[in-house]
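Student: How does the following fold in three dimensions:
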Amino acid sequence: MGKYLTYGLLLFLLISTPDILAQKPLPDVNVASKVEGLELPPVILANSDGFTTVQAKSKGSVKWLVISNKPVKYMEDAEKNMIILGSVPEDADINIFAVANIDGKLTDFASTKVGKGKNAVSKQETDTEKLDYKIRWH
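Tutor: Now for the predicted structure:
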């Protein structure tokens, strides 16, 4: 009987406990890159050979949140409202969120995605090569 009383008390405490213990959700990945008081570039092209910088346009200070499926090292430059990413792994999916503090008030989150610039450049070169080939042979 004592066992059931313990389980009943535990169940009552779990049901009646406020959502203080619940995790707060992470920012939505589909958040706009421009909100009132804060603007980020919509898409960043990264190259795995070097560093990638993302700079926010804001009148206040900016704090950053980097979410990735692969480890990514980064460093914030608070004076320039900039974040510097280290080399980006080839198959990394990186979302960057930012929030600005303007006169003691927080803006909404703004977000951007980091894509692989090396792939975009090689695709562009391939299209140019195909076009050059058609011009020479037609």
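
Student: okay, now residue 88: neighbour count?
Tutor: Residue 88 has 25 neighbours, counted by other CB atoms under 10 Å. (Each C-beta comes from the backbone N, C-alpha and C, glycine too.)

Student: What values do phi and psi take at it?
Tutor: Dihedral pair for residue 88: phi -100, psi 120, per degrees, to the nearest 10.

Student: wait, doesn't it sit right on residue 52?
Tutor: Yes: counting by CB atoms under 8 Å, residue 52 is a contact partner of residue 88 at 6.3 Å.

Student: Overlap of the contact sets of these two?
Tutor: Between them, residue 88 and residue 52 share these contacting residues under CB atoms under 8 Å, 6 or more residues apart in numbering: 46, 114.

Student: ok, what's across the strand from the closest residue to residue 61 other than its chain neighbours?
Tutor: Counting by CB to CB, 6 or more residues apart in numbering, the nearest residue to residue 61 once its immediate chain neighbours are dropped is residue 101, at 5.1 Å. Beta-bridge partners recorded for residue 101 (DSSP bridges): residue 61, residue 106.
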